[in-house]
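Colleague: Following is a predicted model, sequence given first.
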Amino acid sequence: MNGTMRLARVHGPGDVRLDEVDLPRPGPGEVLVRVGACGICGSDLSYIRQGGLGGIEPLKAPLPIGHEFAGTVAAIGTDVEGISTGMRVAVNPDHGYIGGGGPDGAMAPFIRVSGARIGETLFPLPDHVGFDRAALAEPLSVGLHALKLMQVQPQDRVAILGAGPIGLCAVAMLRHLGVRDVAIFDRVESRLERARALGATLACNVTHESMTDALSRNHGHGERFGSPTVGTDVFIDAAGAPAALTEAFGVAKYRARIAIVALYKKPCPIDLWRMMANEIHMCGSIAVDRAAEFGEALEMIAGGRQDLTPLISHHFDFGDFHEALSVAADAAHSAKVMLTFERQTA
């Protein structure tokens with residue numbers, strides 16, 4: 001296949017462009033995927049705002065973005081087994097850091113996928129699963145990865161900080177794991193409504209009631225070394241708000257677990273005495289090397305036992321790229337915004 005296409009790339013802070021580039025060709029171990037749908041992630045918006053992955057050093061080359069996607073295999077390189085053209089697939093972007101520092105990004109009609117292997121990078125899609133739903137496997141597996149790190153069990157009482165797309169995906173995956181006591185906290189009522197629709201048992205607007213009061217009322221409360229605690233077993237930080245994390249840390253009970261999934265822009269102070277005295281287990285979760293979780297999330301999607309409709313708020317054709325970015329940045333009126341490519345050609 002020859003020709004050119006448009007590819008979304010970050011050139012600097014606030015500067016994202018649809019660049020005209022050569023259509024990629026698959027080499028050994030690679031396939032070319034025609035993109036059917038690609039979700040806009042909070043990290044994409046962060047890369048655009050910062051002008052790169054970390055915003056510390058200037059970009060040496062434009063940064064391709066887009067990593068939540070599914071589509072159809074359009075061409076196959078050499079040394080690829082078990083994959084055929086026309087195969088519908090969801091793609092785990094971990095290999096090659098697709099849309100996250102690597103040379104390829106999925107906000108384009110076509111993308112080259114390296115390390116093309118079934119069950120690791122490429123996951124076949126049943127015909128009844130649309131590309132937009134399949135693209136949810138990536139953010140859902142981000143949430144699932146954190147839950148696996150925390151060894152969440154059905155009987156656990158879980159609190160999620162932030163009802164953005166990853167927080168909402170954590171709700172869905174908690175329900176998938178059989179957890180029935182799920183609390184989530186945010187300041188945006190429309191997000192909380194989506195969380196309730198996905199199965200959260202408590203969706204609290206912290207402008208009306210504090211997280212501590214709500215958790216004390218719903219998960220129970222206690223005391224350790226003269227300080228009040230709540231009965232929450234696991235906290236999932238999907239907000240990236242230092243005040244919220246500090247509050248959760250301040251009331252975490254003995255041997256509570258805390259996973260940091262959010263992107264923090266600056267260092268956040270942590271009370272290490274409390275961490276030691278309460279034996280709090282705290283870890284980060286970036287969701288790489290998560291092929292198993294990706295496959296599990298996709299199986300959940302294909303199974304259709306959970307209504308994931310609340311996760312997707314908008315669909316935009318790739319031609320309306322900049323409008324889609326504006327909507328995705330509006331936390332009060334959007335959840336997952338999907339780019340679709342029906343009208344796009346090479």
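Modeller: Nice, I can see it. Quick caveat: nothing in here was measured; it's all calculated off a predicted structure.
Colleague: Could you list the low-pLDDT ranges of the stretch 201-346 of the chain?
Modeller: Residue ranges of the stretch 201-346 of the chain with pLDDT under 70: 343-346.
Colleague: the helices in it, which residues?
Modeller: Using DSSP state H, counting those that start in this stretch, the helices of the stretch 201-346 of the chain run over residues 211-219, 242-251, 272-277, 291-303, 321-328.
Colleague: May I have the secondary structure class of residue 48?
Modeller: Using DSSP: H, G, I helix; E, B strand; the rest coil, the structure places residue 48 in helix.
Colleague: correct me, but it touches residue 17?
Modeller: No: Residue 48 lies out of contact with residue 17 (CB atoms under 8 Å); the separation is 10.3 Å. Where C-beta positions appear, they are placed from N, C-alpha and C, glycine not excepted.
Colleague: Mind checking which of the two has more residues around it?
Modeller: Neighbour tally, residue 48 and residue 17, criterion other CB atoms under 10 Å: the higher count belongs to residue 48, 21 against 15.
Colleague: Quick check: closest non-adjacent residue to that one.
Modeller: residue 16 (4.7 Å; CB to CB, 6 or more residues apart in numbering).
Colleague: Any figure for the gap between that neighbour and residue 44?
Modeller: 9 Å (CB to CB, to the nearest Å).
Colleague: thinking again about what came up before, right, and the helices of the stretch 201-346 of the chain - which one's nearest residue 53?
Modeller: Nearest to residue 53, of all the helices of the stretch 201-346 of the chain, is helix 321-328, at 17.7 Å by CB to CB.
Colleague: gap between the closest one and the chain center?
Modeller: Offset of helix 321-328 from its chain centre (CA atoms, centre = their mean, to the nearest Å): 18 Å.
Colleague: Tell me which other helices or strands it touches.
Modeller: When contacts are defined as 3 or more CB pairs under 8 Å, 6 or more residues apart in numbering; DSSP states H and E, helix 321-328 packs onto strand 31-40, helix 42-50, strand 312-317, strand 336-340.
Colleague: can the ones you listed go into CSV with extra columns for distance to residue 263?
Modeller: Formatted as CSV, the helices and strands packed on helix 321-328 follow (distance: least, CB to CB, whole Å):
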stretch, distance to residue 263
strand 31-40, 15
helix 42-50, 6
strand 312-317, 20
strand 336-340, 16
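Colleague: For residue 220, which of the ones you listed is the nearest?
Modeller: helix 42-50 (32.3 Å).
Colleague: all strands in the stretch 1-150 of the chain, in order from the N-terminus.
Modeller: Assigned by DSSP state E, counting those that start in this stretch, the stretch 1-150 of the chain shows strands spanning 4-12, 15-22, 31-40, 63-64, 68-76, 88-91, 110-113, 122-124.
Colleague: Good, wrapping up.
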